[in-house]
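> structure here, sequence nowhere to be found:
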């Protein structure tokens, strides 16, 4: 089965590094024109490196600076992409942060920053994407669906995580937003799903894998006995954005090497 995203335009938020960069590269390899979103000037060089790797390999795309927690910036990002390419076919809501703290020491700023980017940012981008999808309607030369939204959630939408109440709360809320959007816009043939990564080897969680001791401890949580790579998430995102997955909507798909089977119980707890 050949999976192609040819003639489609994909916005991938937070794609200057990590999982987002992996998704952007995979989608470009599959023929999509990719929008590399980065949040501020300091991330520009990373975004340029991602885009250069894509274009050097024959792919297409553009850069777009946008803090997804800011409504005016999100609206402008979508306006700029539509002005450049005529429409948007795929939104990957990936941008996210962690600001970890013991719960009783967590500040309101730490809470608001994580909720603002991880949850409100996904709301704002999904809202603008739905507007673009519905305005264009179904164009079967692009896809049999009217549009595709992929929320990047986490295993922590179902696994509690002490010391990370803001992050886990944002991911649990993403699950309900995703299912609600899938329900609300199913009749419009807009498909909405979530990818829920486990441990993926990126800078956001480097403390969990950068030493042999830390990596060994992490493997005690993962039955498949390896850490995930951004390419793993990219491959799944391409599938969910393609017509090969046209009957999948409203689903949280866990890609975690089995972490959600709770490996610590493998020997009776």
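Right, received. Where do you want to start? All values derive from a computational prediction rather than experimental measurement.
> the nearest residue to residue 88 once chain neighbours are set aside sits in which helix or strand?
Closest residue to residue 88 in three dimensions, ignoring its sequence neighbours and counting by C-beta to C-beta, 6 or more residues apart in numbering: residue 132, at 4.8 Å. No exception for glycine: its C-beta is placed from N, CA and C like everyone else's. Using DSSP states H and E, residue 132 maps to helix 121-136.
> now residue 34
strand 33-38.
> same check on residue 92?
Using DSSP H and E, the element containing residue 92 is strand 90-93.
> can you tell me what sits against that strand?
The contact list for strand 90-93, computed with C-beta atoms under 8 Å, 6 or more residues apart in numbering, reads 5, 8-13, 15, 20, 23, 27, 32, 121-122, 125-126, 129, 147-152, 237, 241.
> who touches residue 256 in this structure?
When the contact criterion is C-beta under 8 Å, 6+ apart, the partners of residue 256 are 155, 196, 197, 198, 199, 222, 228.
> model confidence for it, exactly?
What the model reports for residue 256 is a pLDDT of 96.
> ok now the longest strand along the chain, how far from the chain's centre?
Determined from DSSP state E, the single longest strand within the chain is strand 190-197. Centroid displacement of strand 190-197 relative to its chain, using C-alpha atoms, centre = their mean, to the nearest Å, is 9 Å.
> for the stretch 151-269 of the chain, which spans come out with low pLDDT?
For the stretch 151-269 of the chain, residues meeting the criterion pLDDT under 70 lie at 268-269.
> picking up where we left off before, the residue nearest to residue 88: neighbouring residues, count only.
By other C-beta atoms under 10 Å, 21 other residues sit near residue 132.
> quick one: contacts for it?
Neighbouring residues of residue 132 by C-beta under 8 Å, 6+ apart: 78, 82, 87, 88, 147.
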